[in-house]
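# sequence and computational prediction follow.
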Amino acid sequence: LGFKDLGMNQAVQMRIHGVTAEFVKELRALGYTDLDVEDLVKMRIHGVTPRFGAAYDLFGNGKTAVKASASRGVEQDSIEYALNNNPATTVVTEVNRLWIDGNSNFVPDCDLTNSAPNGECLGWQNLNFGNSVPSTFYNPKILNGWRVRPWNWEFSTGVQHELLPRLSLSVAYFRRIQGNFHVTNNELVTPSDYTAYSVAVPVDSRLPNSGGTLGGLYDLNPDKLGQNRNVVTLASDFGKQIQHWNGFDVTVNARLQNGLIVQGGVSAGSTLTDRCDVVAKVDNPSPLYCRVEEPYLAQYKGYAAYVLPWYGVRVSGTLQSLPGPQVLANNNYTGTPIGLGRAFSSGSATINLIEPGTRYGDRLNQIDLRFTKIVRLGAGGTVDLSVDLYNAFNSDAILTEQPTYGVAWRNATTVIQPRFVKFNARWDF
């Protein structure tokens, strides 16, 4: 029976020396209303990341082992939060102004430090020059304290059993749960500042709901366009958000007579993401695709190796079969959509016409081979002369495809590397 460890971590995210109360007062006047001297002098986050594991010989004969584990991880960050919350990074460091060289002496005859028009110079085009103008704020409660970082719990349990001498089977189940999600909320815009509309789906047999309409869409009202005060905070301030992953592995391992080794198995998993409760209360309230549940996507992998009885040649190969790329159809709409009564406030909108997690391209099937000749040099060791054949059957499986709906929709953007041969030599001594 074995166990793992318990870990504790903390991160000092930021330290600004020489911060005065007067400086903080100026920052509050610029919008840092929730920050105080302590927040600026030090930003600290703490957490506990426990990891447990156990294994048990079920029958006491060394043939059946039951295993289980639980572990918690947190978001890894070095200085991202510190940089984003350092007032020095939000200072406007340059400004433009127009200069009319009236006397043709190629010298701006004006006081460049004066923001108002004077002499040959017009006024500064940005009066915030030299000031801190943050565009995104962070809620202090995600920058200080315990258990404030996004986290992930992983649980697993499995059984490993010897079916026959040199033949074993392993079955394992995994579950991952994520939490402490962050969300960016524009405090100058609310869901009531959006107007609902629908779009017409093109007539295309490759699309779901071909020729119909797609609703549940919202467009920002024109009078709110350009108004931004983004605050990064916890999604739990608005509602419940979940993201779970469930998966399983089945693996067979065989070491048979005459040096034949065979390994193979299947892995599959499904992710559920639900943001509907939060989306309804933060900015754009569109419920479209706010809950996505992927099907179980299976990966098949295998490996075999065997030393032929002739000439000391070792043959080995791998097989993998992976799910194809997810199919999306991002269509660009302009003009006046159904039910809006006006044009889009930003001029256009790009809408995905296929629900995520429902369609995938053709699977990737690949076989790689290796042929090795073992040359024995007596006391000098051995030399392995190998020929590797990658993508032996020259598969042209698509890795990524064009997601924009149109003439080039679903055209391949990247494909699997074509077949190629590599020669190797290794000397063991």
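Looks like it arrived, so ask away. Numbers count the residues shown, from 1 in each chain.
# give me the number of residues near residue 234?
Residues lying near residue 234 (other C-beta atoms under 10 Å) number 18. In this view, the C-beta of every residue, glycine as well, is placed from N, C-alpha and C.
# so how many other residues sit close to the residue lying closest to residue 181 once chain neighbours are set aside?
Excluding its sequence neighbours, the residue lying closest to residue 181 (C-beta to C-beta, 6 or more residues apart in numbering) is residue 235, at 4.0 Å. By other C-beta under 10 Å, the residues close to residue 235 number 22.
# what sits against residue 235?
Shown in contact with residue 235 (C-beta atoms under 8 Å, 6 or more residues apart in numbering): 181-183, 241, 275, 278.
# recalculate using a threshold of 10 Å.
150, 179-185, 241, 275, 277-279, 281-282 (C-beta atoms under 10 Å, 6 or more residues apart in numbering).
# strands - which of these land there?
With strands taken from DSSP state E, the overlap with these comprises 179, 182-185.
# just the buried residues from those residues, in ChimeraX please.
Those of the ones in strands among the contacts of residue 235 that count as buried under 16 or more other C-beta atoms under 10 Å are selected in ChimeraX with:
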select :179,182,183,185
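# farthest-apart pair in the contacts of residue 235, please.
150 and 281 (19.5 Å; C-beta to C-beta).
# got the CA positions of stretch 147-160 in CSV?
The C-alpha trace of stretch 147-160 is given here as CSV (Å, rounded to 0.1, in the frame of the first residue of the first chain):
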residue,chain,number,x,y,z
ARG,A,147,-7.4,29.5,-3.1
VAL,A,148,-7.8,32.4,-5.6
ARG,A,149,-6.1,30.8,-8.6
PRO,A,150,-8.0,28.6,-11.2
TRP,A,151,-7.6,25.0,-10.1
ASN,A,152,-8.0,21.5,-11.4
TRP,A,153,-8.7,18.3,-9.4
GLU,A,154,-7.9,15.0,-11.1
PHE,A,155,-9.2,11.7,-9.8
SER,A,156,-8.3,8.3,-11.1
THR,A,157,-8.9,4.6,-10.3
GLY,A,158,-7.9,1.5,-12.1
VAL,A,159,-7.1,-2.2,-12.1
GLN,A,160,-4.1,-4.0,-13.5
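# how about it: buried residues?
Residues of stretch 147-160 classed as buried by neighbour count (16+ other C-beta under 10 Å): 148-152, 154, 156, 158, 160.
# just stretch 273-289 next, same as before
Those buried within stretch 273-289 under the rule 16+ other C-beta under 10 Å are 273-275, 277-279, 282-283, 285-286, 289.
# may I ask which of those residues comes out lowest in pLDDT?
pLDDT across these is at its lowest for residue 283, which sits at 87.
# could you say what helices and strands the host helix or strand of residue 321 packs with?
Taking DSSP states H and E as the criterion, residue 321 maps to strand 313-322. Contact partners of strand 313-322 among helices and strands, from 3 or more C-beta pairs under 10 Å, 6 or more residues apart in numbering; DSSP states H and E: strand 261-274, strand 297-307, strand 364-376, strand 382-390.
# low-confidence ranges, the stretch 151-300 of the chain, go.
The stretch 151-300 of the chain contains no residues with pLDDT under 70.
# follow-up on the earlier one: same list (the buried residues of stretch 273-289) but as JSON lines, adding distance to residue 68.
Formatted as JSON lines, the buried residues of stretch 273-289 follow (distance: C-beta to C-beta, whole Å):
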{"residue": "273", "distance to residue 68": "26"}
{"residue": "274", "distance to residue 68": "27"}
{"residue": "275", "distance to residue 68": "31"}
{"residue": "277", "distance to residue 68": "32"}
{"residue": "278", "distance to residue 68": "33"}
{"residue": "279", "distance to residue 68": "36"}
{"residue": "282", "distance to residue 68": "38"}
{"residue": "283", "distance to residue 68": "42"}
{"residue": "285", "distance to residue 68": "42"}
{"residue": "286", "distance to residue 68": "41"}
{"residue": "289", "distance to residue 68": "35"}
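# list the contacts of residue 217.
Per C-beta under 10 Å, 6+ apart, neighbours of residue 217: 194-199, 284, 286-288, 333, 337-340, 349, 351.
# what about 8 Å?
Contacts of residue 217 (C-beta under 8 Å, 6+ apart): 196-199, 286, 288, 337, 349, 351.
# mind telling me what element it is part of?
Per DSSP H and E: strand 213-220 holds residue 217.
# which residues sit against the following helix or strand past that strand?
Next helix or strand after strand 213-220 toward the C-terminus (DSSP H and E): strand 230-234. Contacts of strand 230-234 with the rest of the structure, by C-beta under 8 Å, 6+ apart, involve 135-139, 141-142, 180-187.
# from those, pick the one nearest residue 407.
Distances from residue 407 to the contacts of strand 230-234, taken by C-beta to C-beta, are shortest for residue 184, at 34.9 Å.
# gap between the most centrally placed residue in the chain and residue 150?
Geometric centre of the chain, nearest residue: residue 75, 12.0 Å, by C-alpha atoms, centre = their mean. Residue 75 sits at a distance of 4 Å from residue 150 (criterion: C-beta to C-beta, to the nearest Å).
# show me what contacts residue 363?
By C-beta under 8 Å, 6+ apart, the contact list for residue 363 reads 321-324, 397.
# could you redo the last one with a cut-off of 10 Å?
Contacts of residue 363 (C-beta under 10 Å, 6+ apart): 297-300, 320-324, 397.
# mind telling me what element residue 177 is part of?
Short version: residue 177 belongs to strand 167-179, going by DSSP H and E.
# quick one: that strand to strand 261-274, angle?
Between the axes of strand 167-179 and strand 261-274, defined by axes from the mean of the first three to the mean of the last three C-alpha atoms, to 10 degrees, the angle is 20 degrees.
# re the thing from before, quick one: common contacting residues for residue 75 and residue 150?
The contact lists of residue 75 and residue 150 share 178, 180, 182, where a contact means C-beta under 10 Å, 6+ apart.
# surely the second one and residue 74 touch.
Yes: look at residue 180 against residue 74 with C-beta atoms under 10 Å: they come within range, at 8.4 Å.
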